[in-house]
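Chemist: how would this look folded up:
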Amino acid sequence: MKTNLIKPIIVGVLLGVAVFWIPFVVVRLFLLFIIIGFIFRLFMWRRWRGNGGSRFAFADRIRGMSDEEYIAFKQNPGQYCREHTAKSPEQKTN
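Modeler: Numbering: from 1, shown residues only. The predicted structure is shown next:
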């Protein structure tokens, strides 16, 4: 008779504790996911928009060239590149 009474009491206590703590756990997990999502979006926004949205500006510049400008670009790309300028043979000797 004792086992029939102890099992329902233990199950009732466990269910009562679970019902009491679930709102706190759910709210904390929800806030944690919101914070992690905000941080993720912040870093992705910097990655995608960090350079002012000019991700394909160089490709657009090449596409917009006339045939004469493109031939000149292929012969001397250093005059068009700002970051990685190719040195001509005269500059390498100096």
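
Chemist: helix or strand right after the biggest helix by length in the chain?
Modeler: Criterion DSSP state H: the longest helix present in the chain is helix 2-49. Remark: after helix 2-49, the chain's next helix or strand is helix 57-63, criterion DSSP states H and E.

Chemist: next secondary structure after that following helix?
Modeler: In N-to-C order, the element after helix 57-63 by DSSP H and E is helix 67-75.

Chemist: okay, buried residues for that following helix please.
Modeler: By neighbour count on 16 or more other Cβ atoms under 10 Å, the buried set for helix 67-75 is Phe73. C-betas here are computed from N, CA, C, even on glycine.

Chemist: now the longest helix of the chain: mean pLDDT?
Modeler: Average pLDDT, helix 2-49: 86.

Chemist: then stretch 63-70?
Modeler: Averaged across stretch 63-70, pLDDT comes to 86.

Chemist: ok, and what's touching it?
Modeler: Under the criterion Cβ atoms under 8 Å, 6 or more residues apart in numbering, residues Ile62, Phe73 lie in contact with stretch 63-70.

Chemist: how long is it end to end?
Modeler: End-to-end distance for stretch 63-70, by Cα to Cα, to the nearest Å: 9 Å.

Chemist: tell me how the protein divides into domains.
Modeler: Listed domain ranges for the chain are 1-50, 55-83 (source: automatic domain parsing).

Chemist: now Phe33: how far from Leu42?
Modeler: 15 Å (Cβ to Cβ, to the nearest Å).

Chemist: for Lys74, same thing?
Modeler: For Lys74, the distance to Leu42 - Cβ to Cβ - is 41 Å.

Chemist: likewise for Ser66?
Modeler: Counting by Cβ to Cβ, the gap from Ser66 to Leu42 is 42 Å.

Chemist: Phe30 too?
Modeler: For Phe30, the distance to Leu42 equals 19 Å [Cβ to Cβ].
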